[in-house]
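J.: got a sequence here, can you build the structure:
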Amino acid sequence: MSNTFLSAAEEAAHAAGGLLRSQFGRQLTVDEALAHDIKLELDKRSQALIESLLLSRFPDHAIYGEEGIRGDQGSEYQWVIDPIDGTVNYFYSVPHFAISLALRRHGKILVGVIYDPMRDELWSVADPGSPTLNDQPIHVSDRSQLSDAMVSVGVSKSIDTINSSLPLFEKMVRGARKCRMMGSASLDIAYVACGRLDAYIESAVSLWDVAAGILLVEAAGGVVQLTPHADNPDKYAIVATNGKIPLP
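T.: Predicted structure coming up:
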């Protein structure tokens, strides 16, 4: 059954990716402009497309997405969706963003798909199963020294999380071979899964940012620590690594 769910997720990701490619670089409708974030009308349209494809096949499933929820959130199956992860990149015509889809059954992640439509790269995994990138097996890196590592540190969208992230960013800049801040959590964690990055760290993310990537990294031999925030149960601190490099 997991393969049926995986095929549906891949189909939905490709469909949303086609929509995003068709609108990339065009004038976009901004629904909300915040100090450190942008919400686009296209975010909602992308999620609506994904929802229609998934619910047409699985009408009893629930949707938990960045652009809203549908169905009974206590349902056996719940899709966790980020329709554009990296919206600010997208708005500024930076071709580094992705669609992220995960399916949970009673809270356990069964399927993860992350799609970069600009590079036409599709990361996929179903539990049980091996993770792939464009149908080729992937594995986390073998690097074991922080001085050899490429690390991405995400910085969130509030002053408090920015301030709390800066000391860690400084440590990574000084300790790692290179430290990156690329603007798409789902691609950061997908890059850990396939060995391009050795670690991805962020102090405050939403589940839809990383749900698919958690399964990808763990299936690819890595380690993910996801810690709920005490004052906000919808936000998490995350450390996703190859399981070999030491972090300060």
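J.: what's opposite Ser152 in the beta bridge?
T.: Beta bridges link Ser152 to Arg180, Tyr200 when assigned by DSSP bridges.
J.: and it, how far from Cys179?
T.: 7 Å (CB to CB, to the nearest Å). Where you see a C-beta, it was placed from the backbone N, CA and C, and this is true even at glycine.
J.: likewise Val80?
T.: Taken as CB to CB, the span from Val80 to Cys179 is 28 Å.
J.: who has more neighbours out of Ser152 and Cys179?
T.: Neighbours per residue, other CB atoms under 10 Å: of Ser152 and Cys179, the larger number sits with Ser152, 27 against 20.
J.: contact partners for that one?
T.: Ser152 sits next to 179-182, 188, 191, 197, 199-201 when contact means CB atoms under 8 Å, 6 or more residues apart in numbering.
J.: contacting residues around the lengthiest helix in the chain?
T.: The residue-count maximum for a helix in the chain (DSSP state H) belongs to helix 2-23. Helix 2-23 has contacts (CB under 8 Å, 6+ apart) with 42, 45-46, 49-50, 53-54, 57-58, 83-84, 90, 97, 99, 101, 103, 110-111, 113-118, 120, 122, 124-129.
J.: mind doing that once more with 7 Å?
T.: With contact meaning CB atoms under 7 Å, 6 or more residues apart in numbering, helix 2-23 is reached by 42, 45-46, 49-50, 53-54, 57, 83-84, 99, 101, 103, 110-111, 113, 115, 117-118, 122, 124, 126-127.
J.: pull out the buried residues from these.
T.: Buried members of the contacts of helix 2-23, counted by 16 or more other CB atoms under 10 Å: 42, 45-46, 49-50, 53-54, 83-84, 99, 101, 103, 110-111, 113, 115, 117, 122, 124, 126-127.
J.: inside strands: which ones of those?
T.: 83-84, 99, 101, 103, 110-111, 113, 115, 122, 124, 126 (DSSP state E).
J.: can you redo those residues as JSON lines with pLDDT and distance to Ala33?
T.: Compiled in JSON lines, those are given as follows (pLDDT from 0 to 100; distance: CB to CB, whole Å):
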{"residue": "Pro83", "pLDDT": "98", "distance to Ala33": "18"}
{"residue": "Ile84", "pLDDT": "97", "distance to Ala33": "15"}
{"residue": "Ile99", "pLDDT": "98", "distance to Ala33": "22"}
{"residue": "Leu101", "pLDDT": "98", "distance to Ala33": "27"}
{"residue": "Leu103", "pLDDT": "98", "distance to Ala33": "32"}
{"residue": "Leu110", "pLDDT": "97", "distance to Ala33": "36"}
{"residue": "Val111", "pLDDT": "98", "distance to Ala33": "34"}
{"residue": "Val113", "pLDDT": "98", "distance to Ala33": "29"}
{"residue": "Tyr115", "pLDDT": "98", "distance to Ala33": "26"}
{"residue": "Leu122", "pLDDT": "98", "distance to Ala33": "31"}
{"residue": "Ser124", "pLDDT": "98", "distance to Ala33": "34"}
{"residue": "Ala126", "pLDDT": "97", "distance to Ala33": "38"}
